[in-house]
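A.B. asks: structure for this input, please:
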Amino acid sequence: MLSFLRSKSNGELNSFAFKAVSVLADGSQSRGLRSSFTNGVWIDKPLPLKASFKEIIDNIYMAMSMQVDFQTKKAVEVLNELNSWAEKETNGPINEALPAGSVDSLTGLIFANALHFKGTCNKKFDASKNKEYDFYLLDGGSVHIPFMTSEKKLCVCVYDGFKVLKLPYSQGEDKRRFSMYFFLPDSKDRLPALAEKVASEPRFLDRCLPSEAVQVGDFRIPKFKISFRIEVSEVLKGLGLVLPFSVGRTEMSLCISSIFHKSYIELVNKEGTEATSTSVVVWTAKSYHPPTNVIDFVADHPFMYLIREDMTEAVLFIRHVLNPLQAS
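C.D. replies: Numbers count the residues shown, from 1 in each chain. Below you'll find the predicted structure:
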C-alpha cells in the first residue's frame with residue numbers, strides 16, 4: 001500500500017501527511033475560499049498507547065485525542081459525540097459520520113477526519129445563462145437537467161479518448177491554490193476505462209492536467225448535488241490492504257472492524273463549489289494534441305471530477321457523476 005500511496009516508507013508517508021495537513025487544515029477564509037481539515041482520535045481508557053503512536057497523532061496528524069469509555073451505554077454517547085464533532089467540522093452537511101450500532105463495548109479506538117472545502121470559481125457562472133439539456137446515461141436513457149456556461153477561454157487539454165478541464169478557484173491572499181478538474185471521455189460509455197487509468201497508472205494526473213487557457217466553443221457542465229455513504233473495508237482489502245484487518249497483527253493488538261466514508265458535494269451555484277467529507281476508521285494519458293481550432297467541452301454524459309490543492313498535489317475529493325439527479 002505504501003507504493004500505492006507513492007511513499008517508500010512510513011517516514012516518507014508521515015512527512016507527506018504532515019505537509020498536507022498543515023496546508024489543508026488552515027481553516028481561514030479569503031474571498032470565498034475556505035478549506036479545513038481536522039483529525040480526531042477517541043481511545044478507550046484502559047488501552048495503553050505507545051509513545052511513538054501518541055507522537056504521530058499529536059505532531060504529524062495534529063489530531064484531537066480523547067480518552068473515552070466504550071463500555072455499556074457509554075458507547076452510544078461516544079458515537080453521538082463523534083457525529084456532533086463531524087457536523088461542526090464540516091460546517092453542517094455531514095451530521096452522521098457513524099451510523100447507529102457501529103460503536104459498541106468491543107470498540108478500542110476510533111480515528112476520524114473531517115474535510116470541508118468551499119471555493120468561488122475564478123470564472124463565475126451567470127445563472128441567467130443556465131439552460132436545460134439532456135444528460136445521457138450509461139443505460140442509454142437520458143435526463144433533462146440545468147447546465148451552466150461561462151466565458152469561452154478556459155484551461156482544457158485534449159487527449160486520445162478524453163478531455164480535461166481545469167476550473168481554478170479564486171485565491172485572494174491565500175497562498176494555497178485549489179482547482180477543480182473534469183475528466184470527460186469522448187464516448188458516453190468510456191468512463192469506467194478512464195477511471196481505471198486514473199486509479200492505476202502512476203503519475204497519470206500529473207501528465208494530463210491542463211495549465212494554459214484555450215479558446216472553447218460550446219461549453220456546458222451540469223449542476224449537481226451528491227451525498228453518499230460507503231463502508232470501504234472490502235474495497236481496501238481488494239487493493240491489498242489486509243494487515244490492519246487481521247486480529248493481533250497490529251502493534252496495539254487491535255484490528256480494524258469497519259471504515260465509514262461519507263461525502264457531500266454540490267456543484268454549482270453561480271459562485272462555485274462546496275464539498276465536505278468524513279472518513280472514520282473503527283480501527284496514462286496517451287498522446288496530447290494541442291488544440292489548433294476552437295474546441296468544445298460539453299459534459300452531457302458520465303464524467304469524473306476532482307478537487308486538488310495544486311501546490312501539494314493533494315487530492316481532496318475525487319468522484320464520478322453518472323446521473324446528476326442521483327447520488328453517485
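A.B. asks: show me where the chain has its helices.
C.D. replies: If you assign secondary structure with DSSP state H, the helices in the chain sit at 10-24, 51-55, 74-89, 191-200, 204-208, 233-238.
A.B. asks: so which of the ones you listed is the most surrounded?
C.D. replies: Here the criterion is mean neighbour count by mean count of other CB atoms under 10 Å, and of these the winner is helix 74-89, at a mean of 18. Just so you know, the C-beta spots here come from the backbone N, C-alpha and C atoms, and that holds for glycine as well.
A.B. asks: for that one, packing partners?
C.D. replies: Using 3 or more CB pairs under 8 Å, 6 or more residues apart in numbering; DSSP states H and E as the contact criterion, the elements in contact with helix 74-89 are strand 33-44, strand 64-68, strand 109-120, strand 272-282.
A.B. asks: how far is it from where the chain is centred?
C.D. replies: Put simply, helix 74-89 sits 22 Å off its chain's centre (CA atoms, centre = their mean, to the nearest Å).
A.B. asks: got the contact list for that helix?
C.D. replies: Defining contact as CB atoms under 8 Å, 6 or more residues apart in numbering, one finds that helix 74-89 is touched by 36, 38, 40, 42, 68-70, 94-98, 100, 102-105, 107, 110, 112, 114, 116, 278, 280.
A.B. asks: likewise for stretch 131-145?
C.D. replies: When contacts are defined by CB under 8 Å, 6+ apart, stretch 131-145 is touched by residues 146-147, 188-189, 191, 220, 222-224, 300-302, 322-325.
A.B. asks: the residues you listed in strands, which ones?
C.D. replies: The strands in this structure, assigned by DSSP state E, contain 146-147, 220, 222, 224 from the contacts of stretch 131-145.
A.B. asks: among the helices of the chain, which is nearest Tyr181?
C.D. replies: For those, distance to Tyr181 was read as CB to CB. The smallest value, 8.1 Å, belongs to helix 204-208.
A.B. asks: which among the contacts of helix 74-89 count as buried?
C.D. replies: 36, 38, 40, 42, 68, 70, 94, 97-98, 102-103, 107, 110, 112, 114, 116, 278, 280 (16 or more other CB atoms under 10 Å).
A.B. asks: okay, now Ile145: neighbour count?
C.D. replies: Neighbourhood size, Ile145 [other CB atoms under 10 Å]: 16.
A.B. asks: and Asn113, by the same measure?
C.D. replies: A count of neighbours around Asn113, defined by other CB under 10 Å, yields 22.
A.B. asks: if we ignore the residues flanking it in sequence, what's nearest Asp300?
C.D. replies: Beyond its immediate neighbours in the sequence, the residue positioned closest to Asp300 (CB to CB, 6 or more residues apart in numbering) is Phe135, lying 5.4 Å away.
A.B. asks: for Ser279, report the pLDDT, please.
C.D. replies: Here, the pLDDT recorded for Ser279 equals 66.
A.B. asks: ok, Gly172 next?
C.D. replies: Taken from the predicted model, the pLDDT recorded for Gly172 is 68.
A.B. asks: and if you look at the one 5 residues further on?
C.D. replies: Per-residue confidence for Arg177 comes out at a pLDDT of 84.
A.B. asks: again with Lys73
C.D. replies: Predicted confidence (pLDDT) at Lys73: the value is 68.
A.B. asks: again, but for Arg220
C.D. replies: What the model reports as pLDDT for Arg220 is 93.
A.B. asks: if we can go back for a sec, return the member of the helices and strands packed on helix 74-89 having the minimum mean pLDDT.
C.D. replies: For those, the bottom mean pLDDT is recorded on strand 272-282, which sits at a mean of 64.
A.B. asks: quick one: buried ones out of the ones in strands among the contacts of stretch 131-145?
C.D. replies: Buried residues within the ones in strands among the contacts of stretch 131-145, defined by neighbour count using 16+ other CB under 10 Å: 147, 220, 222, 224.
A.B. asks: count of neighbours near the residue nearest to Asp300?
C.D. replies: The local packing of Phe135 (other CB under 10 Å) involves 26 other residues.
A.B. asks: swap in the one 4 residues further on?
C.D. replies: Residues lying near Asp139 (other CB under 10 Å) number 9.
A.B. asks: ok, His144 next?
C.D. replies: Neighbour count for His144, taken as other CB under 10 Å: 9.
A.B. asks: now it: how far from Leu325?
C.D. replies: 9 Å (CB to CB, to the nearest Å).
A.B. asks: try Leu316
C.D. replies: 24 Å.
A.B. asks: sorry, back to before: including distance to Asp310, could the helices and strands packed on helix 74-89 go into a markdown table?
C.D. replies: What follows is these, written out as a markdown table (distance: least, CB to CB, whole Å):
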| stretch | distance to Asp310 |
| --- | --- |
| strand 33-44 | 13 |
| strand 64-68 | 28 |
| strand 109-120 | 12 |
| strand 272-282 | 15 |
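A.B. asks: thank you kindly, that will do.
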